[in-house]
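J.: one predicted model, sequence on top.
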Amino acid sequence: MRLRTALAAALLALPLLARAATAQDLGIPVGEKAPGGPLVTLEGAPVELGAYLGKGPALIEFWATWCGNCKQLEPALKAAHARHGATVRFVTVAVSVNQSRARVQAWHKANPTHPGVMLFDEKGTVSGAYDVPATSYVVVVDKGGTVVYTGSGGTQDLDAAIRKALK
C-alpha cells in the first residue's frame, strides 16, 4: 500500500516538475509589479531603476561581459531595439558577478552599439529583487509596470515578448 501511495504521489508531482522547468517560472513571476532598485551609471552616479518603469513598456536584460548567451542574444536585442526603440525603453543591468563597473565601462566603450541604457548593479540589489536565475535573463514590463514576460538564454523571441507589453 505504501508503494502505491508513493507512486501515486510521484505521478501527481510530474506536471509540477515539468512546469517548474519553463522559462517564465524562473525569476520574478509574470503578473507581478516590476520593482525598482538602486543602480549606478557606468560613470558611478546613482540611478533608480524605477525611473525607467511605469512610463511605457520596458525591456530589462540582466547581462555580463563574460556571458556567452548574452552575446548570442545581442543581434535579436539590436533588431528589437531598431523596431521598438521609439516606444520601448531598453535597459541593460550589468550584474556584479565576476566583473567590476570599470570592466563593464571598458566593454561598453569598445562596444558602443549595445542598445539602450547600460547600468551597473553594484550590490546585487536589483538582481535579487528580480530573483535573476542567470545572465541573459530578460524581463519585459508593460506601460503600467507589470511583468508580462521573463526568459533566459540566447535564443529568445524578443519581438513576441515586446508585443505582449504593447497590448
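T.: Perfect, I can see it now.
J.: over to the residue nearest the centre of the chain. Which of the three states is it?
T.: By Cα atoms, centre = their mean, the chain has its centre lying nearest to residue 138, at 2.6 Å. Classification of residue 138 using DSSP: H, G, I helix; E, B strand; the rest coil returns strand.
J.: who's it bridged to?
T.: Residue 138 has the following beta-bridge partners by DSSP bridges: residue 61, residue 151.
J.: surely it and residue 152 touch.
T.: Yes: in this structure residue 138 lies within contact range of residue 152 using Cβ atoms under 8 Å: 7.1 Å. For every residue, glycine as well, the C-beta is placed using N, CA and C.
J.: where does residue 149 fall, secondary structure wise?
T.: strand 147-152 (DSSP states H and E).
J.: in space, what's closest to residue 153 - neighbours in sequence excluded?
T.: Using Cβ to Cβ, 6 or more residues apart in numbering and skipping residues adjacent in sequence, the residue nearest residue 153 is residue 69, 5.4 Å away.
J.: is it true that residue 95 touches residue 121?
T.: Yes: using Cβ under 8 Å, residue 95 is in contact with residue 121, at 5.5 Å.
J.: who has more neighbours out of the two?
T.: residue 121 (25 against 22; other Cβ atoms under 10 Å).
J.: OK, contacts around that one?
T.: Residues in contact with residue 121 (Cβ atoms under 8 Å, 6 or more residues apart in numbering) are 37, 39, 62, 93-96, 127.
J.: take those and keep only those in strands.
T.: 39, 62, 93-94 (DSSP state E).
J.: can you give me the strands in the chain?
T.: Counting by DSSP E, one finds strands in the chain at the ranges 38-41, 46-48, 58-63, 89-94, 117-120, 137-141, 147-152.
J.: out of those, which gets nearest to residue 76?
T.: Comparing the strands of the chain against residue 76 with Cβ to Cβ, the closest turns out to be strand 137-141 (9.7 Å).
J.: how about that closest one: buried residues?
T.: 137-141 (16 or more other Cβ atoms under 10 Å).
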